[in-house]
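Q: how does the following fold in three dimensions:
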Amino acid sequence: MMARRPLPARLRRAIFSLAVIAAASVAAPAAASASPQGVAKPSLSEGSLVQLPGKRGCLIPRSKYRSSCGTARAIKGPGPFMGSRAIQISPDGRNVYVASSGSDAIAVFQRNRRSGVLSQAAGKAGCVTAKSNSNCGPAIGLRGPNSLAVSPDGRNVYATSRDSGSITAFKRNSSTGALKQLGQGGCISGPAITGCQTGRALDGPDVVTISPDGDNVYVGSFFGNALAVFDRKASGALTQPADETGCITDAVTSGCAQGLALDSPEGMAVSGDGKNVYVATAVSNAVLNFSRDASTGALTQATDGTGCIVDSALTGCTTGTNISGANAVAVSPGGHDVYVTSLISTSLTSFSRSSGDIFQLPGTSGCVLWLGGNGCSPGRALRAPEGLALSPDGANVYVTAFSSGAVAVMDRDRQTGTVVQKSGGGGCLTVQSIAKCRRGRMLAGASSVVVSANGRHVYTTAFNSNSVGIFRRVPGR
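A: Sure, this is the predicted structure:
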């Protein structure tokens with residue numbers, strides 16, 4: 001098979017910069033925040049979101065704005081435009097972690113599992129950073145962090161950092177949630193960085209995820225058009241296999257396996273059964289399917305059409321629709337469905353999963369599109385959809401939209417996998433004046449979203465607002 005010639009690195013960076021400028025230019029300013037949300041109205045149905053009132057509903061940097069939000073350290077630029085997994089919750093629900101690209105830091109929050117309220121410890125227990133002269137704990141290779149993963153056993157936190165081209169590993173204190181970078185295997189980088197080991201396929205790492213068994217960590221590299229594969233030791237330290245199982249690239253690259261449609265990986269999710277890794281690639285406009293060897297963690301991609309779905313014909317792939325600028329990926333509880341946000345298509349697309357393979361649902365069952373049309377059901381506040389998360393009960397899908405400054409709320413049919421946006425004000429919260437949406441606070445540049453394991457709360461990052469949002473999920477009646 002003849003390899004496609006990748007775009008030069010400088011051109012790819014220019015294209016990405018233009019996309020960021022375009023998205024930011026239509027985002028509402030952080031100051032355009034609405035008054036605090038109060039108690040849920042009776043008209044709000046199950047799964048709708050209510051922002052916690054006052055300082056409990058949002059966190060911003062100290063003295064950054066005059067606002068009714070609470071303040072926190074090390075949260076400048078949380079959830080950058082390139083990165084849709086910037087906020088994660090520990091498996092025990094006690095801590096929330098935020099990757100803050102502008103602070104070169106990971107902010108650490110203690111979480112009240114009943115109320116959902118976040119608090120931050122003073123000093124080094126409240127954050128780690130690559131910056132010197134900081135009141136946070138030290139971290140090597142944490143320049144421009146954009147994505148996080150917490151190990152299933154809760155012992156470790158991993159972060160990708162675009163600017164340093166690295167994957168960093170931290171030990172988590174199970175009592176306080178505080179992070180301490182591991183020594184050996186605590187930093188692996190593409191470029192040479194003092195204190196980091198050298199790794200492959202780490203040019204602009206954008207997303208990180210971990211297998212359910214905790215044995216492997218996977219990284220998608222936006223500028224490298226590649227996936228990096230790591231083995232995880234009992235200590236949490238990472239090692240990269242020296243052979244071709246250690247990386248997969250879009251073009252022929254010495255020491256790496258070759259894959260299809262791997263231009264600019266930006267989203268990734270591992271199925272709950274650990275058998276598949278699904279990847280969204282923003283420049284290839286594709287959703288990829290890799291089979292995972294549970295014993296080794298190695299990934300393989302089929303070339304018979306089941307290994308990739310693209311928006312235009314490509315040999316070895318199946319053709320899909322409305323996945324231009326494919327971004328975030330999430331697998332439903334139970335593993336029956338896969339969902340993808342796409343920046344350029346301004347869409348949320350749905351795929352059914354069978355024996356690991358995925359198939360796009362037809363017609364309006366298969367996609368929700370900003371303003372509708374193109375065979376999709378209509379969506380509100382979905383300009384530049386970025387982050388994506390499902391509730392643990394599988395009843396709802398939550399999407400953060402960067403340019404709309406919004407969180408969109410979808411109802412999901414747990415039998416068919418079909419999603420449709422909630423009607424009325426329960427379907428979206430936004431900083432802008434958008435018809436049939438309620439107002440939310442500090443959501444400009446909404447990027448990443450995560451749902452607590454108990455299903456009670458939803459948390460977001462907003463890059464332009466430099467904020468973390470805290471929401472209560474309306475329970476069933």
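
Q: pLDDT weak spots in the protein?
A: Residue ranges of the chain with pLDDT under 70: 1-42, 63-66, 83, 477.

Q: quick one: what helix or strand has residue 230 in it?
A: strand 226-232 (DSSP states H and E).

Q: hmm, who's touching that strand?
A: 151, 156, 167, 188, 199-203, 205, 210, 214-221, 238-241, 245-250, 253, 256, 259, 262, 265, 279, 290, 297-299 (Cβ atoms under 8 Å, 6 or more residues apart in numbering). (C-beta placed from N, C-alpha, C; glycine too.)

Q: swap in stretch 238-253?
A: By Cβ under 8 Å, 6+ apart, stretch 238-253 touches 3-6, 158, 167, 169, 185, 188, 199-201, 217, 224-233, 255-263, 284, 290, 296-299, 301.

Q: does residue 297 sit in a helix, a strand or a coil?
A: Here residue 297 is recorded as coil under DSSP: H, G, I helix; E, B strand; the rest coil.

Q: show me what contacts it?
A: 211, 215-216, 229, 231, 245.

Q: and the contacts of strand 226-232, which are buried?
A: Neighbour counting by 16 or more other Cβ atoms under 10 Å classes 151, 156, 167, 188, 199-203, 205, 210, 214-221, 238, 240, 245-250, 253, 256, 259, 262, 265, 279, 290, 297-299 among the contacts of strand 226-232 as buried.

Q: pull the contacting residues for residue 278.
A: Under the criterion of Cβ under 8 Å, 6+ apart, the neighbours of residue 278 are 268-271, 287-290, 329, 331, 338, 358.

Q: in strands, which of those appear?
A: Among these, the members falling in strands (DSSP state E) are 268-270, 287-290, 329, 331, 338, 358.

Q: any idea how many residues pack against residue 137?
A: For residue 137, the count of nearby residues is 20 (other Cβ atoms under 10 Å).

Q: let me see the contact set for it.
A: In this structure, residue 137 makes contact with 124-125, 127-129, 178-181, judged by Cβ under 8 Å, 6+ apart.

Q: out of those, who's nearest residue 444?
A: residue 127 (22.6 Å; Cβ to Cβ).

Q: how close does the closest one sit to residue 98?
A: Distance, residue 127 to residue 98, using Cβ to Cβ, to the nearest Å: 9 Å.

Q: shared neighbours, the two?
A: 106-107.

Q: go ahead and flag the most central residue of the chain.
A: Closest residue to the average C-alpha location of the chain: residue 85 at 2.3 Å, with Cα atoms, centre = their mean.

Q: check contacts around the closest residue to that residue other than its chain neighbours.
A: Leaving aside its sequence neighbours, residue 85 sits nearest to residue 147 (Cβ to Cβ, 6 or more residues apart in numbering; 4.4 Å). Neighbouring residues of residue 147 by Cβ under 8 Å, 6+ apart: 83-86, 99, 159-160, 205-208.

Q: same question, residue 474
A: Applying Cβ under 8 Å, 6+ apart, the residues contacting residue 474 are 40, 44-50, 426.

Q: same thing with residue 426?
A: Counting by Cβ under 8 Å, 6+ apart, residue 426 touches 43-45, 47-48, 409, 438, 474.

Q: is it in a helix, a strand, or coil?
A: Assignment for residue 426 (three-state DSSP): helix.

Q: and it, how far is that from residue 462?
A: Residue 426 is 20 Å from residue 462, where distance means Cβ to Cβ.

Q: sorry, back to before: now, the contacts of strand 226-232 that are in strands?
A: Judged by DSSP E, strands contain the following of the contacts of strand 226-232: 156, 167, 188, 205, 210, 216-221, 238-239, 247-249, 265, 279, 290, 299.

Q: coming back round to it: what's the closest of the contacts of residue 297 to residue 454?
A: Residue 454 lies nearest to residue 211 out of these, by Cβ to Cβ, at 23.2 Å.

Q: that closest one - how many residues pack around it?
A: Per other Cβ under 10 Å, the neighbour tally for residue 211 reads 20.

Q: all helices for the protein, in order.
A: Per DSSP state H, the chain carries helices over the ranges 9-25.

Q: picking that back up, going by distance to residue 454, which of the ones in strands among the contacts of residue 278 wins?
A: Closest to residue 454, out of all of those and judged by Cβ to Cβ, is residue 331, at 19.4 Å.

Q: ok, for residue 375, nearest residue in space, not its chain neighbours?
A: In space, and not counting its chain neighbours, residue 375 is closest to residue 363: 5.9 Å by Cβ to Cβ, 6+ apart.

Q: so what's the residue count around the one you found?
A: 11.

Q: cool, residue 305 as well?
A: Applying other Cβ under 10 Å, we find 14 residues neighbouring residue 305.

Q: for residue 316, see how far away it is.
A: Relative to residue 316, residue 305 is positioned 7 Å away (Cβ to Cβ).

Q: how about residue 388?
A: To residue 316, residue 388 is 26 Å away according to Cβ to Cβ.

Q: more neighbours, those two?
A: Per other Cβ under 10 Å, whichever of residue 388 and residue 316 has more neighbours is residue 388, with 26 against 17.

Q: which parts of stretch 166-183 are buried?
A: 166-172, 177-182.

Q: and the two most separated of these?
A: The largest separation in the buried residues of stretch 166-183, counting by Cβ to Cβ, is between 166 and 177 at 22.3 Å.
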